[in-house]
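Novice: Okay, predicted coordinates and the sequence, questions at the end:
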Amino acid sequence: MRFAISLVFTCSFLFGFSQIKFTESSSAQNINVSHGDNIFIGGLSFFDFDQDGWDDLTFSSETDKPLYFFKNNNGTFQSVTLNLTDYEKDSRQMNWVDIDNDGDLDFFVAYDDAMNRLYENDGSMNFTDITTSAGLDTTDIQTWGSSWGDYDKDGDLDLFLSSRDLQNNSARNYLYRNNGNKTFTDVTAAAGIDTGHQRSFCASFFDYNNDGWQDIYIANDRIVTPNLLYKNNGDGTFTDVSSESGTDLLIDAMSTTIDDYNNDGWLDIYVTNTLDGNSFLRNNGDGTFTDIAATNGTQFNSIAWGAVFLDADNDTDQDLYVSGSFDNFLTYLSAAFYENNGSGSYSIPLNAGFQVDLAVSYSNAIGDVNNDGYPDISVLNIEPDDNYLWINECYENVNNNWLKVKLNGTVGNKMGIGSWIEIMADNKKQYRYTLCGEGYVSQNSGAEFFGVGDATEIDYVKVTWLSGIEDVIYDVSPNQLLTITEGNTLSNNDFNSFTNFKIFPTIADNQLTITGENLINSNKDFSVEIVNTLGQIIFSKSNMILSNSSIDISKFNSGLYFTNIKYDGLNFTKRFIKK
């Protein structure tokens, strides 16, 4: 029977050789767990929870079963028990997230049949349940999705909860503002977020219009309410732009998968659905989206759940993997790996390995099991099938180069969530955007993956942080994990060299110094003004003396500033960060 099913499945694929190759390795890795035997199950996290440089796995479970933690020991997984109270309820989305910017990862669990839980990490992987003291709702609000972003750009991560209740239609969504002191405030109504019942599975913080503020997109189920796109107004409030943007899908939406599939610098959205087909919302760059799933080959037309973009073979374009809850291929797809042909059209390749997928699957996420730069995929299944671990073996067919980028925030949130990463190699630009909680109730690796093909050097890596700070690193070697710290690459290179001006330190505490070598005795006019990111002039002084040009910035708020220097009729601008 399995042989016949496999034949039908293969015939639905494109004929021809594929460079894509994955091998299911859960048994070899002793990952012998599943969510349980109930339906509409939860999520997983493919995230390095102990920050040792190896992506770990965290799986949700049904009521009366524990959460499952698998530590990655240099490419081999081991089941571990963490020092936290496991309430063994029906868990949905889980996030490893630094809520207090102290450098360690705290842990949040959303539950469908119990109160949600927030655990604080003491830095040694000892966890304390702080749900009550943090001010989060302590009743069962039937949460499915939990996503984190910094919507007010105050430097700490806020929380959006998606709730779904089919019995009495009472559950609503929540937006919690992080107060910066390990407490949260429910600002849902004040922020303009609908407090009615939406039957929401999940949501994502992202910047759809590239204005530097994080917007929110919500997937709503059961053709009762359309999907919602909330535009961030930059003042703590949101406006519903679902209809005018063309994102108000009225479908059985499960996923909010966000990425820039065509590398045009605008974030696109993939939304999974039932038999009527998935939607692929291409961002037009003018505040609107167009559904191109029917023309680019990604409709799926089955019961789809999790989805994730990844450049599986590191050939510079984004492929797509979709999980489904049908468990055979006689009529409908159980899963699909869609290969990008390089121009934005997709097809299912022959013999990529996924033809053995006969499980009822839900969420999925990507990570890097062996740190080889080729993204692997984990999938959450129900009994009798254990959760999948698809090991990427595309390197056997190609020898493409890659880069992984991890962010370390200083002025903004520690995890660098909400940042744009741009690279260029062989005159081709690529973009990634950092999220925390994405797809269908999942969490991907904390590193962003770039495939660069046969490029032997990456011209530059540019990070635009949510704070507004930009860091650029030039002439980067591929095949490495590159960690970038916010503000560390600010330099004086944007000054014209003949002026000999220097500003230091570029990350300052209390004093900012401006010097002009060989210009100290000049009688020419020298004036300085300092401007914040809102364009407000914070400091201004004319006829300054270069030999005595230290400026007291001790009362400045933390953040990015621009120093405008006028000298002999010329204008120069330099950035610095106030700690």
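Specialist: That came through fine. Residues are numbered from 1 along each chain as shown.
Novice: quick check: mean pLDDT across the helix or strand that contains residue 573?
Specialist: Per DSSP states H and E: residue 573 is located in strand 570-578. Throughout strand 570-578, pLDDT has a mean value of 78.
Novice: Which positions within that strand qualify as buried?
Specialist: 574, 575, 576, 577, 578 (16 or more other CB atoms under 10 Å). Using the backbone N, CA and C atoms, a C-beta is placed for each residue, glycine as well.
Novice: What pairs with that strand, parallel or antiparallel?
Specialist: strand 507-508 (parallel), strand 559-567 (antiparallel) (DSSP bridges).
Novice: Quick one: distance of it to the chain centre.
Specialist: 31 Å (CA atoms, centre = their mean, to the nearest Å).
Novice: Send over that strand as CSV, restricted to the C-alpha atoms.
Specialist: C-alpha atoms of strand 570-578 as CSV (Å, rounded to 0.1, in the frame of the first residue of the first chain):
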residue,chain,number,x,y,z
LEU,A,570,30.9,72.6,4.6
ASN,A,571,28.5,70.3,6.3
PHE,A,572,29.3,66.8,7.7
THR,A,573,27.1,64.3,9.6
LYS,A,574,28.2,61.6,11.9
ARG,A,575,26.3,59.0,14.0
PHE,A,576,26.8,58.0,17.6
ILE,A,577,25.0,56.0,20.2
LYS,A,578,24.2,57.1,23.7
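Novice: Now do the same for the residue nearest to residue 269 when sequence neighbours are not counted: helix, strand or coil?
Specialist: Counting by CB to CB, 6 or more residues apart in numbering, residue 269 lies nearest to residue 281, which is 4.2 Å off, once chain neighbours are set aside. Classification of residue 281 using DSSP: H, G, I helix; E, B strand; the rest coil returns strand.
Novice: Residue 281 contacts residue 242, correct?
Specialist: No. Using CB atoms under 8 Å, residue 281 makes no contact with residue 242, being 11.5 Å away.
Novice: Among these two, which residue is more densely surrounded?
Specialist: In terms of neighbours (other CB atoms under 10 Å), residue 281 is the more surrounded of residue 281 and residue 242; the figures are 25 against 20.
Novice: Need the pLDDT of the more buried one.
Specialist: 98.
Novice: For residue 45, see how far away it is.
Specialist: Distance of residue 281 to residue 45, given as CB to CB, to the nearest Å: 25 Å.
Novice: any idea which residue sits dead centre in this protein?
Specialist: Closest to where the C-alpha atoms of the chain average out (CA atoms, centre = their mean) is residue 435, at 1.9 Å.
Novice: Got the phi and psi for residue 396?
Specialist: Phi and psi for residue 396, reported as degrees, to the nearest 10, are phi -70, psi -20.
Novice: I figured it hits residue 21, correct?
Specialist: Yes. Counting by CB under 8 Å, residue 21 is a contact partner of residue 396 at 6.0 Å.
Novice: Looking only at neighbour counts, state which of the two leads.
Specialist: Comparing residue 396 with residue 21 by other CB under 10 Å, the one with more neighbours is residue 21, at 20 against 9.
Novice: For that one, list the residues it contacts.
Specialist: By CB atoms under 8 Å, 6 or more residues apart in numbering, residue 21 lies in contact with 351, 352, 353, 392, 393, 394, 396, 397.
Novice: let's see 7 Å
Specialist: Residues in contact with residue 21 (CB atoms under 7 Å, 6 or more residues apart in numbering) are 352, 353, 393, 394, 396, 397.
Novice: Please report phi then psi for it.
Specialist: When quoted as degrees, to the nearest 10, the phi and psi of residue 21 stand at phi -150, psi 120.
Novice: roughly how far apart are the spatially closest residue to it that is not a sequence neighbour and residue 240?
Specialist: Leaving aside its chain neighbours, residue 21 sits nearest to residue 393 (4.5 Å; criterion: CB to CB, 6+ apart). Residue 393 is 45 Å from residue 240, where distance means CB to CB.
Novice: what mean pLDDT would you report for stretch 118-137?
Specialist: 98.
Novice: just checking, residue 161 touches residue 143?
Specialist: Yes. Contact criterion CB atoms under 7 Å: residue 161 and residue 143 qualify, at 5.0 Å.
Novice: Between the two, which contacts overlap?
Specialist: By CB under 7 Å, 6+ apart, the residues touching both residue 161 and residue 143 are residue 110.
Novice: hang on, residue 92 in a strand?
Specialist: Yes. Counting by three-state DSSP, residue 92 is found in a strand.
Novice: per-residue confidence for it?
Specialist: pLDDT, residue 92: 96.
Novice: One more: residue 411?
Specialist: pLDDT, read off for residue 411, is 88.
Novice: Quote the end-to-end distance of stretch 63-72.
Specialist: 26 Å (CA to CA, to the nearest Å).
Novice: what pLDDT, on average, does it get?
Specialist: Stretch 63-72 comes out at a mean pLDDT of 97.
Novice: Nearest to residue 509, out of the buried residues of strand 570-578: which one, please.
Specialist: Using CB to CB, residue 578 comes nearest to residue 509 of the buried residues of strand 570-578, at 8.0 Å.
Novice: How about the closest one: what's its closest non-neighbour residue?
Specialist: Per CB to CB, 6+ apart, closest to residue 578 is residue 556, 4.5 Å.
Novice: Can you tell me how far the one you found is from residue 507?
Specialist: 13 Å.
Novice: go on, residue 368?
Specialist: Distance from residue 368 to residue 507, by CB to CB: 31 Å.
Novice: check contacts around residue 561.
Specialist: 530, 531, 532, 538, 576, 578.
Novice: Equivalent analysis for residue 253, please.
Specialist: 201, 219, 220, 221, 227, 271, 273.
Novice: mind running it again at 8 Å?
Specialist: 201, 219, 220, 221, 227, 271, 272, 273.
Novice: what's the closest of the residues you listed to residue 422?
Specialist: residue 271 (25.3 Å).
Novice: any idea of the pLDDT on the closest one?
Specialist: Looking at residue 271, the pLDDT reads 98.
Novice: Skip the chain neighbours and tell me the closest residue to it.
Specialist: Per CB to CB, 6+ apart, closest to residue 271 is residue 279, 4.5 Å.
Novice: Surely that neighbour touches residue 294?
Specialist: No. Residue 279 lies out of contact with residue 294 (CB under 8 Å); the separation is 9.2 Å.
Novice: what pairs with residue 462 across the strands?
Specialist: Going by DSSP bridges, residue 462 forms beta bridges with residue 422, residue 472.
Novice: Would you confirm that it contacts residue 422?
Specialist: Yes. Using CB under 8 Å, residue 462 makes contact with residue 422 at a distance of 4.4 Å.
Novice: As a check, name the ranges of all helices in the stretch 151-300 of the chain.
Specialist: For the stretch 151-300 of the chain, applying DSSP state H, counting those that start in this stretch gives helices covering 242-245, 293-296.
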